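Trainee: Quick one, what's the 3D model for this:
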Amino acid sequence: MFFTVVLLASLMVLPQVEAGCWETWSRCSGWSSSLTGILWKSCNDRCKELGKSGGKCVLRDASDCWMTDKAYQCVCNNRK
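Mentor: Alright, predicted model coming up:
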């Protein structure tokens with residue numbers, strides 16, 4: 001748990017270039033799931049907050065994150 005908190009804190013202060021890793025992992029990673037609902041909303045709840053009908057985690061290319069090629073990312077439904 002301590003490692004997770006330290007890692008998340010470091011991701012929050014990284015330069016904008018690396019912000020893509022935070023967006024890639026913050027809602028859909030297994031290691032971050034224990035903090036869902038505490039530090040951030042679930043993918044489905046975040047999409048609803050954005051005015052969509054919901055969303056889900058989908059395995060996609062992670063071109064915006066230098067640490068991995070593929071990662072689960074939150075994808076919102078197109079319809080409201």
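Trainee: all contacts plus neighbour counts: C-alpha atoms, from now on.
Mentor: OK.
Trainee: ranges for the strands of the chain?
Mentor: Counting by DSSP state E, one finds strands in the chain at the ranges 55-61, 70-76.
Trainee: Pick the most buried one from these.
Mentor: Greatest average neighbour count among the strands of the chain goes to strand 70-76 (a mean of 19), per mean count of other C-alpha atoms under 10 Å.
Trainee: that older thread, could I get the strands of the chain in JSON lines, plus columns for distance to residue 31 and mean pLDDT?
Mentor: Output for the strands of the chain, formatted as JSON lines (distance: least, C-alpha to C-alpha, whole Å; pLDDT from 0 to 100):
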{"stretch": "strand 55-61", "distance to residue 31": "14", "mean pLDDT": "89"}
{"stretch": "strand 70-76", "distance to residue 31": "12", "mean pLDDT": "86"}
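Trainee: Please convert these to CSV, extending it with distance to residue 42.
Mentor: Converted to CSV, these look like this (distance: least, C-alpha to C-alpha, whole Å):
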stretch, distance to residue 42
strand 55-61, 9
strand 70-76, 9
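Trainee: quick one: which of the ones you listed is nearest residue 27?
Mentor: The closest of these to residue 27 is strand 70-76. By C-alpha to C-alpha, the value is 6.7 Å.
Trainee: Give me the residues contacting that closest one.
Mentor: 23-25, 27-29, 43-44, 47, 52-63 (C-alpha atoms under 8 Å, 6 or more residues apart in numbering).
Trainee: go with 6 Å
Mentor: Contacts with strand 70-76, where a contact means C-alpha atoms under 6 Å, 6 or more residues apart in numbering, come from 24, 28, 43, 47, 54-62.
Trainee: out of the strands of the chain, which comes closest to residue 38?
Mentor: Shortest distance between residue 38 and the strands of the chain, using C-alpha to C-alpha, is found for strand 70-76: 17.1 Å.
Trainee: just the CA coordinates of the closest one, formatted as CSV?
Mentor: Output in CSV follows, covering the C-alpha atoms of strand 70-76 (Å, rounded to 0.1, in the frame of the first residue of the first chain):
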residue,chain,number,x,y,z
LYS,A,70,-0.6,-1.5,-23.9
ALA,A,71,-2.7,-0.7,-20.8
TYR,A,72,-6.3,-0.8,-19.7
GLN,A,73,-7.8,2.7,-20.3
CYS,A,74,-11.2,4.2,-19.4
VAL,A,75,-13.4,4.5,-22.5
CYS,A,76,-16.6,6.4,-22.2
